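A.B. asks: Any chance you can model this:
(chains A and B)
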Amino acid sequence: MTFIAKPKVRHPSLPTNALGLTRRDYEGALSTLCAGCGHDSITAAIVEASWGLSLEPQNMVKLSGIGCSSKTTAYFVSGGHGFNSVHGRMPSIAMGANAANRNLTFLGVSGDGDTLSIGLGQFCHAIRRNLNMLYIIENNGVYGLTKGQFSASADLGTRAKKGEINVQPPIDPVLLAITLGATFVARSFSGDKQQLVPLVQAGLKHAGFALIDVLSPCVTFNDHEGSTKSYAYTREHYEPAVHADFVPLEREITAAYGPGETLPVVMHDGSRILLRKLDAAYDPTSRTTAAAQIQERMKHGEYLTGLLYVDADPHKSAFHVVNGTPDAALNSIPYEALSPGSKGLEKVLARYR
Amino acid sequence: MPVNSPAGVNDFTVKIATVNGTGSASANTLLMKSIFRSGIPVMGKNYFPSNIQGLPTWYEIRVTRDGYVARSGRVDIMVAMNAETYARDVREVAPGGYLVYDSTWPRPALLKREDITVLGVPLAKLCNENFNGVRTRILMKNICYAGVLAALLDLDVARIRELLAETYAKKPQLVESNMKAIQLGYDYARASFTCPLPLHAAPLELTAGHVMIDGNTAAALGCIFAGATVAAWYPITPSTSLMDAFKMFADRMRVDRETGRKNFAFIQAEDELAAIGMVIGAMWNGARAFTATSGPGISLMNEFLGLAYYAEVPSVIFDIQRVGPSTGMPTRTQQGDLLLCAYASHGDTRHVCLYPANPEECFYMAVQAFDLAERLQTAVLVVSDLDIGMNDWMCPDLRWDDSYRPDRGKVLGKEEILRLEKLYRYFDKDGDGIGYRSMPGVHPKAAYFTRGSGHSQYGVYTEDPAEYQLVLDRLLKKWDTAKKLVPRAVIDATAGSDLGIVSVGSCDGAIHEAMHVLREHGVGVDYLRVRAFPFSEDVEKFLTGHELLFVVEQNRDAQLRSLLTLETPVDKAKLRSLLHYSGLPISSSFIVEGVLAELAPRRRTLEQGAAARG
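C.D. replies: Numbering: from 1, shown residues only, chains lettered A, B, ... in the order given. Predicted coordinates:
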């Protein structure tokens, strides 16, 4: 029940981050999702990632649309404002909120129905504006709250719980985002926390639109034999291609990988993503070859995962840079600086005489 | 019975029929401004097609020493430049009026009317002889008729030059070519006809302290002065010019001189759904934001308007109404969105609406809309229309009080948050139905969850009947608070009559004129103009205090009348509708005729009674 608050008991031995906060400080209300839902693992990864980055909870803005996934923004970082908007329209709320105050961290959580059907237009245009936010799709191929209809990400030939076979080809958010010019595109699996947590951290720090499509099985409606979005099927078919480790600015890089194996991507604030290629042939810095390779592997039923494409300099095309807004939040500019005053009005009126 | 007094000096209407995309707009603006600068009150209405080039378009210039701002309903001088519409244009001229046409090609059929004076000017011939290039010749032909009218109406050519010099300050060669065309027409008319006509303009001193401005420009200025920093929109006629004007003013007045940074975000959205989403997101996060649209856009925005109402997020929407239903006639005017705006979205929703009557009110109401939206934490719709938004109106100078500061409503600052035990977002602490909100980024204690799903007064998800209903009932209480805060109706009860006119928005000008004319016919009427929804108490009082009420509005379905019967206890039988919904702005004669027709049987009864007694 979301209205039952988790007891905030702080055990003295709980580890704290740079702000002196524990992981518990990044949690939210109790989840009301089904036991075993992949979405809850993603919530846990977000908690872990935000704690690890020592983000000020009040500076996090959590946005969502409608659906099971969209409920989860209530289940983490209770110290940040949340906005559960209308179905498929979260990107526009995010755009407006970000326009008002660019200095907050925007995290949107959506589902495959919310993003790829009703919200496909807004999703595409948020990418087009390179809106600075992390957009997580909790992708399970079905509509959960309305009891199991196929979504636009359902694969051809996948079988619904009641036996129906899907005959519509899927829309793949990763390929779509890469084609549209997204500057950070990743795919992950809710069951792979090792991969997901650093991806969330890198996405939160990315100075533009970051997409993580997380395969997140629905235990109630899409976890059966014949489904291509079940835990078993996903484990079988997902192929980590690039592992991304996030290295905050303040942390020294420890030589975990030998030279030549890793590719550091320096982010706008100076922090780094260390890309470790697990698939030697894969190049996450080239939009065209990345898209080709993802498609090629898809033909064989394999989902490449990890940070599949990243633009090292997303800043130049970010919304506020293109718009030319000041570094300070628009909502913080004093009224006196915004109004031309009676003298200004007189000048304007002279043109209308 | 003629309802208007005959035309005369400084009291006549010129209508110009042209083809769109031929530069006639500049000629018409030139004429109107030169009259305005001669101190003579003038009205201009543009009836244009939803098209780039080639369809019929008309422009009506009413010279009105009495300062009327509406159409009179008659045409005294027709400039018929469009062969396609000649026949109907000729028919429209009032008896005793004038027809100016291009006599390059003879049109004997035109000369059939005996009761008007036909003035032929070989405009095409004059321009073909004096200008090169097809496009230039077409453009100059239109400037040339302005020259003809200058001679016929006795307009000051020096003033026309002055206006051209201002318009083409950066392209002085255009001043000369335009002046050449003006002079061609002017000289031809002087040589061929008795100039000026009995109907002409004579300088007055009645326009000082006034501007000629359209409502969209005025509303955009209001947004600048209200301190709006986020503007999101999707192009749609006739609202686009509001956003264009905002951008123009912001580029001029909101750019930091040192850094070149813009103190505003201007976002062309992918559709109207996204546009209002951006406005809601921005105002939720503490910036003043707005969008402008028209009927089809409001239809699309319905779901988000319901969210703004129920989640109590301030937002400001300008609806520049055009003709519906559906795509309708995008470039024609109507007041067809009154009900849509008042009750937009599913479930029990009601929205604060402001109804400007002219550009002056667009300016002030734009500012008020932001204050009300933030004070009441809800959507506020400024319901204007194409006639107000896109036509130039003569208005008293807009004024600004430098002591104005935005009313941000109940927003908790950090200090207040620290003193709180916990923020209960939807709790009615003050008894006015308005809760306290907080902004992201201030303090974790004030974080709350905004949702369109069922929530309790403490701001958490609920499906509990009592908790749900408590919030819904508080929203009604807030609605009562709104009644006290919205602009009051404008009431003119000087006639002390038991007859009243009730109206809204852009009908105002025609009603004022109609009241004068009716007085000349011995009919005194009182007048109430609603300026906001919800209706303030004075509306109910006026309705109760009059025996017969004419509800004047510009739609087919009597939407204002519906609103009045839904929201006040007025007796329906007292309300007579006068409905004008052709797409042209309402004229004073329409109202006068409507009122007199309704009163005729009554007056006859009275007269017969008097005769019987006599």
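A.B. asks: In the stretch 1-150 of chain B, what residue comes closest to chain A?
C.D. replies: Nearest residue of the stretch 1-150 of chain B to chain A (Cβ to the nearest Cβ) works out as B:R37 at 7.4 Å. The C-beta positions use only the backbone N, C-alpha and C, and glycine is treated the same way.
A.B. asks: mind listing what that residue touches?
C.D. replies: When contacts are counted by Cβ atoms under 8 Å, 6 or more residues apart in numbering or on different chains, B:R37 is found next to A:353, B:159, B:162-163, B:207.
A.B. asks: Closest to A:Y135 out of those residues?
C.D. replies: Nearest to A:Y135 out of these is A:R353 (Cβ to Cβ; 50.3 Å).
A.B. asks: The closest one touches B:V211, doesn't it?
C.D. replies: Yes - using Cβ atoms under 8 Å, A:R353 is in contact with B:V211, at 5.9 Å.
A.B. asks: roughly how far apart are B:P196 and chain A?
C.D. replies: Per Cβ to the nearest Cβ, to the nearest Å, B:P196 is found 25 Å from chain A.
A.B. asks: Please enumerate the helices of chain A.
C.D. replies: Remark: helices assigned in chain A by DSSP state H are A:38-53, A:68-71, A:90-100, A:112-116, A:120-128, A:173-180, A:193-205, A:231-237, A:287-299, A:319-323, A:341-349.
A.B. asks: Buried deepest among the ones you listed, which one?
C.D. replies: Mean neighbour count (mean count of other Cβ atoms under 10 Å in any protein chain shown) peaks for helix A:90-100 among those, with a mean of 31.
A.B. asks: That helix to helix A:120-128, inter-axis angle?
C.D. replies: Counting by axes from the mean of the first three to the mean of the last three Cα atoms, to 10 degrees, helix A:90-100 lies at 40 degrees to helix A:120-128.
A.B. asks: So for stretch A:229-248, first residue to last residue, what's the gap.
C.D. replies: End-to-end distance of stretch A:229-248 (Cα to Cα, to the nearest Å): 33 Å.
A.B. asks: and the most centrally placed residue in chain B, what pLDDT?
C.D. replies: Nearest to the mean C-alpha position of chain B, by Cα atoms, centre = their mean, lies B:I388 at 1.8 Å. You'll see B:I388 listed with a pLDDT of 98.
A.B. asks: more crowded one of A:R353 and B:V211?
C.D. replies: Neighbour count, other Cβ atoms under 10 Å in any protein chain shown: between A:R353 and B:V211, B:V211 has more, with 23 against 15.
A.B. asks: Need the contact partners of the host helix or strand of the more buried one.
C.D. replies: In the assignment (DSSP states H and E), B:V211 maps to strand B:210-214. With contacts defined as Cβ under 8 Å, 6+ apart, strand B:210-214 is touched by A:349, A:352-353, B:32-33, B:36, B:42, B:44, B:241, B:359, B:388-398.
A.B. asks: Tell me the strands beside it, with direction?
C.D. replies: Strand B:210-214 pairs in its sheet with strand B:392-396 (antiparallel), by DSSP bridges.
A.B. asks: Can you dump the C-alpha atoms of stretch B:454-469 in PDB for me?
C.D. replies: C-alpha atoms of stretch B:454-469 as PDB (Å, rounded to 0.1, in the frame of the first residue of the first chain):
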ATOM      1  CA  GLY B 454      -7.500   9.400  -6.500                       C
ATOM      2  CA  HIS B 455      -5.800  11.000  -3.600                       C
ATOM      3  CA  SER B 456      -6.600  12.000   0.000                       C
ATOM      4  CA  GLN B 457      -6.300  15.500   1.400                       C
ATOM      5  CA  TYR B 458      -2.800  14.400   2.600                       C
ATOM      6  CA  GLY B 459      -1.700  13.900  -1.000                       C
ATOM      7  CA  VAL B 460      -1.500  10.100  -1.000                       C
ATOM      8  CA  TYR B 461      -3.200   7.600  -3.300                       C
ATOM      9  CA  THR B 462      -6.600   6.500  -2.100                       C
ATOM     10  CA  GLU B 463      -9.600   4.600  -3.200                       C
ATOM     11  CA  ASP B 464     -11.400   5.300   0.100                       C
ATOM     12  CA  PRO B 465     -14.900   6.800  -0.600                       C
ATOM     13  CA  ALA B 466     -14.700   9.300   2.200                       C
ATOM     14  CA  GLU B 467     -11.200  10.400   1.500                       C
ATOM     15  CA  TYR B 468     -11.800  10.800  -2.200                       C
ATOM     16  CA  GLN B 469     -15.000  12.800  -1.600                       C
END
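A.B. asks: near chain A at all, it?
C.D. replies: Yes - contact of stretch B:454-469 with chain A (Cβ under 8 Å from any Cβ of the partner chain) involves B:456, B:460-462.
A.B. asks: quick check, distance from that stretch to the centre of its chain.
C.D. replies: On the basis of Cα atoms, centre = their mean, to the nearest Å, stretch B:454-469 sits 41 Å off its chain's mean C-alpha point.
A.B. asks: Please spell out which residues along it are buried.
C.D. replies: Using 16 or more other Cβ atoms under 10 Å in any protein chain shown as the test for burial, stretch B:454-469 gives B:454-462, B:467.
A.B. asks: Stretch A:123-134 and chain B in contact?
C.D. replies: Yes - for stretch A:123-134 and chain B, the contact criterion (Cβ under 8 Å from any Cβ) is met by A:124-125, A:129.
A.B. asks: export the residues you listed to a markdown table and tack on pLDDT?
C.D. replies: Shown next, in a markdown table, are these (pLDDT from 0 to 100):
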| residue | pLDDT |
| --- | --- |
| A:C124 | 98 |
| A:H125 | 98 |
| A:R129 | 97 |
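A.B. asks: Between those, which sits nearest B:Q608?
C.D. replies: Distances from B:Q608 to the residues of stretch A:123-134 next to chain B, taken by Cβ to Cβ, are shortest for A:H125, at 70.3 Å.
A.B. asks: The closest one contacts B:I267, correct?
C.D. replies: No - counting by Cβ under 8 Å, A:H125 stays clear of B:I267, with 9.9 Å between them.
A.B. asks: Who does B:D392 form a beta bridge with?
C.D. replies: B:D214.
A.B. asks: before we move on, the earlier item: what's the closest of the residues of stretch A:123-134 next to chain B to chain B?
C.D. replies: Using Cβ to the nearest Cβ, A:H125 is the member of the residues of stretch A:123-134 next to chain B that lies nearest chain B, at 4.3 Å.
A.B. asks: mind listing what that closest one touches?
C.D. replies: Here A:H125 is in contact with A:91, B:269-270, B:274 (criterion: Cβ under 8 Å, 6+ apart).
A.B. asks: And B:A232, by the same measure?
C.D. replies: Contact partners of B:A232, counting by Cβ under 8 Å, 6+ apart, are A:95-96, A:99, B:267-269, B:274-276, B:278-279, B:282, B:289, B:291.
A.B. asks: Which ones among those map onto strands?
C.D. replies: B:267-268, B:289, B:291 (DSSP state E).
A.B. asks: out of these, which touch chain A?
C.D. replies: Within these, those near chain A by Cβ under 8 Å from any Cβ are B:267, B:289.
A.B. asks: Most neighbours among the ones in strands among the contacts of B:A232, please name it.
C.D. replies: Result: B:A289 is most packed of the ones in strands among the contacts of B:A232 (other Cβ under 10 Å), 34 neighbours.
A.B. asks: what pLDDT does that one get?
C.D. replies: So, for B:A289, pLDDT stands at 98.
A.B. asks: rewinding a little: now the residues of stretch A:123-134 next to chain B in JSON lines, with distance to B:S72?
C.D. replies: Formatted as JSON lines, the residues of stretch A:123-134 next to chain B follow (distance: Cβ to Cβ, whole Å):
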{"residue": "A:C124", "distance to B:S72": "51"}
{"residue": "A:H125", "distance to B:S72": "48"}
{"residue": "A:R129", "distance to B:S72": "49"}
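A.B. asks: Out of those residues, which comes closest to B:V75?
C.D. replies: Looking across the residues of stretch A:123-134 next to chain B and measuring by Cβ to Cβ, the closest to B:V75 is A:H125, at 47.5 Å.
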